[in-house]
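Undergrad: Any chance you could fold what I've pasted below:
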Amino acid sequence: MPDKATLRKTLLATRQAIPVQVWRERSDRLCTQLQTSPLFIKARTVLAYFSFRQEPDLSPLFASSQGLANKVWGFPRCVEQTLSWHIWSSQDALPLQTGAYGIPEPHPDSPLLMPAQVDLILVPSVACDYRGYRLGYGGGFYDRLLGQPEWAAKPTIGIVFDFAYLPRLPNDDWDRPLQAICTESKLFFPSTPPDIDSSPL
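TA: The predicted structure follows:
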């Protein structure tokens with residue numbers, strides 16, 4: 001099995017090679033899958049992310065009037081080695097900023113979100129496997145977050161395209177499986193391996 005660094009490099013190159021129109025269509029289908037998920041429907045406060053390097057784009061969920069009416073959305077700021085979560089909406093008067101990794105982030109003065117307020121975390125991922133394990137970007141931000149007692153029990157959904165949903169990823173002792181994985185095809189739970197075509201394009 002390739003190591004994490006090799007897999008990460010290969011999968012990121014594959015994702016960034018997806019034509020923009022195909023990326024947009026897959027992202028839209030993935031958002032539709034999320035909207036039909038009971039985990040998503042019942043969640044009032046959802047942690048998400050701003051798409052970077054052709055990650056699946058979730059903005060149709062939080063940039064629409066329907067999304068704004070039904071959910072409170074939280075987005076991360078990288079503060080040293082941790083993630084600080086802030087409420088943000090497309091109607092926010094405070095502008096987004098570019099963080100240390102070139103990723104859009106909420107303004108530092110945006111309202112903070114505490115763990116007790118959060119109902120669901122949508123986790124950006126390079127890849128996920130049938131057991132629920134995630135391959136991240138190597139910074140360990142989500143590993144540290146989900147390892148904290150106040151976050152460990154929160155429902156989590158890994159977000160990847162079909163080609164990055166794999167039978168098995170290498171994992172370390174500190175890796176924690178996610179509760180579910182959402183692709184453009186379906187919402188999967190670790191106990192139910194998929195019947196999907198994991199071809200890159």
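Undergrad: Give the full set of residues in contact with the nearest residue to P111 once chain neighbours are set aside.
TA: Once flanking residues are discounted, P111 sits nearest to I87: 4.4 Å by C-beta to C-beta, 6 or more residues apart in numbering. (Each C-beta comes from the backbone N, C-alpha and C, glycine too.) Neighbouring residues of I87 by C-beta atoms under 8 Å, 6 or more residues apart in numbering: 72-74, 106, 110-113.
Undergrad: Show the buried residues in those residues.
TA: 72-74, 106, 110, 113 (16 or more other C-beta atoms under 10 Å).
Undergrad: Quick check: phi and psi at the nearest residue to L112 once chain neighbours are set aside.
TA: Residue nearest to L112 in three dimensions, not counting chain neighbours: H86, with 5.9 Å by C-beta to C-beta, 6+ apart. Per-residue torsions, H86: phi -130, psi 140 (degrees, to the nearest 10).
Undergrad: for H86, which residues make a bridge with it?
TA: Beta-bridge partners for H86, by DSSP bridges, are F75, L112.
Undergrad: Is it correct that it is in contact with P111?
TA: Yes - using C-beta atoms under 8 Å, H86 is in contact with P111, at 6.4 Å.
Undergrad: Give the rounded mean pLDDT of stretch 15-30.
TA: Mean pLDDT, computed over stretch 15-30, is 97.
Undergrad: Give me the spatial nearest neighbour of L12, chain neighbours excluded.
TA: Per C-beta to C-beta, 6+ apart, closest to L12 is V126, 6.2 Å.
Undergrad: Name the spans of the protein whose pLDDT lies under the cut-off.
TA: For the chain, applying pLDDT under 70 flags the ranges 64-69, 93, 191-201.
Undergrad: just the strands in it please.
TA: 45-47, 72-79, 82-87, 97-98, 104-105, 120-124, 127-129, 134-135, 156-159, 165-166, 180-182, 187-188 (DSSP state E).
Undergrad: Can you lay out the ones you listed as JSON lines showing distance to L58?
TA: Output for those, formatted as JSON lines (distance: least, C-beta to C-beta, whole Å):
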{"stretch": "strand 45-47", "distance to L58": "9"}
{"stretch": "strand 72-79", "distance to L58": "9"}
{"stretch": "strand 82-87", "distance to L58": "15"}
{"stretch": "strand 97-98", "distance to L58": "19"}
{"stretch": "strand 104-105", "distance to L58": "13"}
{"stretch": "strand 120-124", "distance to L58": "6"}
{"stretch": "strand 127-129", "distance to L58": "16"}
{"stretch": "strand 134-135", "distance to L58": "16"}
{"stretch": "strand 156-159", "distance to L58": "7"}
{"stretch": "strand 165-166", "distance to L58": "17"}
{"stretch": "strand 180-182", "distance to L58": "10"}
{"stretch": "strand 187-188", "distance to L58": "14"}
